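>>> attaching a predicted model along with its sequence, questions to come.
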Amino acid sequence: MKKYFYFLLILSVFTSCEEDVKFNNPAFQTLKDNDFWRARSYKAYFAENGTVIIEGTLGYEKVILQTESSVEQVYTLGMNEVSKASYANTLTNEAASFSTGTERGSGQIVITDYDSENNTISGTFKFTALNEDESDVENSKINFTEGVFYKVPIAPEGKFVPVSN
């Protein structure tokens, strides 16, 4: 009887072992006020003025990063309206908009790789954005840290099709 028990135990151990590896390629994720946040869909595109816009969306929430260009460098936020970041939640009872801009908020977006051959963009970001509703003193700002966008496809001009995860 012991033999059968050991045999079943060993059999269950080997059959329950499974490799369930999932790669985030491409990816858009961050810590939003120290809580993990991963976009379900993301896209990037060039605006008419040459800026690069990278968007990540999770349900009613959207993070938008904008840089002056696709050149691999650090873009400082809170200095102007060209390189900036924003967050919006459009859920009715949680609706809020936060942004950086000229002397508003702080942070940085770092473009680490712009692959013009495969039309993808990668980098990191962190920012503190201020609530656009200044009367909401309980939620005056929002923090994003350890943000990463990796191989986000850049849509051809005029075709802004988001990629879903």
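Yep, that arrived.
>>> the residue nearest the centre of the chain is in what secondary structure piece?
Nearest to the mean C-alpha position of the chain, by Cα atoms, centre = their mean, lies Phe28 at 3.5 Å. In the assignment (DSSP states H and E), Phe28 maps to strand 27-32.
>>> what is the subsequent helix or strand relative to that strand?
Next along the chain from strand 27-32, counting by DSSP H and E, comes strand 35-38.
>>> what is the least confident helix or strand in the protein?
strand 163-164 (a mean of 51; mean pLDDT, DSSP states H and E).
>>> show the pLDDT at Asp33.
For Asp33, the model assigns a pLDDT of 96.
>>> in the chain, which spans are helices?
2-16 (DSSP state H).
>>> so where's it shaky on pLDDT?
1-24, 157-165 (pLDDT under 70).
>>> please, where are all the strands along it?
Taking DSSP state E as the criterion, the chain contains strands spanning 27-32, 35-38, 41-46, 52-58, 61-67, 74-77, 84-89, 96-99, 106-115, 120-131, 141-153, 163-164.
>>> and Lys62, how many neighbours does it have?
17 (other Cβ atoms under 10 Å). (C-beta placed from N, C-alpha, C; glycine too.)
>>> no no, Ile154
Neighbour tally, Ile154, other Cβ under 10 Å: 20.
>>> next up, the contacts around the closest residue to Asp133 other than its chain neighbours.
The shortest distance from Asp133 to any non-neighbouring residue, by Cβ to Cβ, 6 or more residues apart in numbering, is to Ala96 (7.0 Å). Ala96 makes contact with 88-89, 131, 133, 136, 139, according to Cβ atoms under 8 Å, 6 or more residues apart in numbering.
>>> and the residues you listed, which two are furthest apart?
Put simply, by Cβ to Cβ the two of the contacts of Ala96 set farthest apart are Ala88 and Asp136, 13.7 Å from each other.
>>> neighbour count winner among the two?
Neighbour count, other Cβ under 10 Å: between Ala88 and Asp136, Ala88 has more, with 17 against 10.
>>> about what we covered before: and of the contacts of Ala96, the nearest to Ser69?
Ala88 (24.1 Å).
>>> contacting residues around the closest one?
Ala88 is in contact with 61-62, 64, 96-98, counting by Cβ under 8 Å, 6+ apart.
>>> before we move on, what about Val148?
27-30, 123-125.
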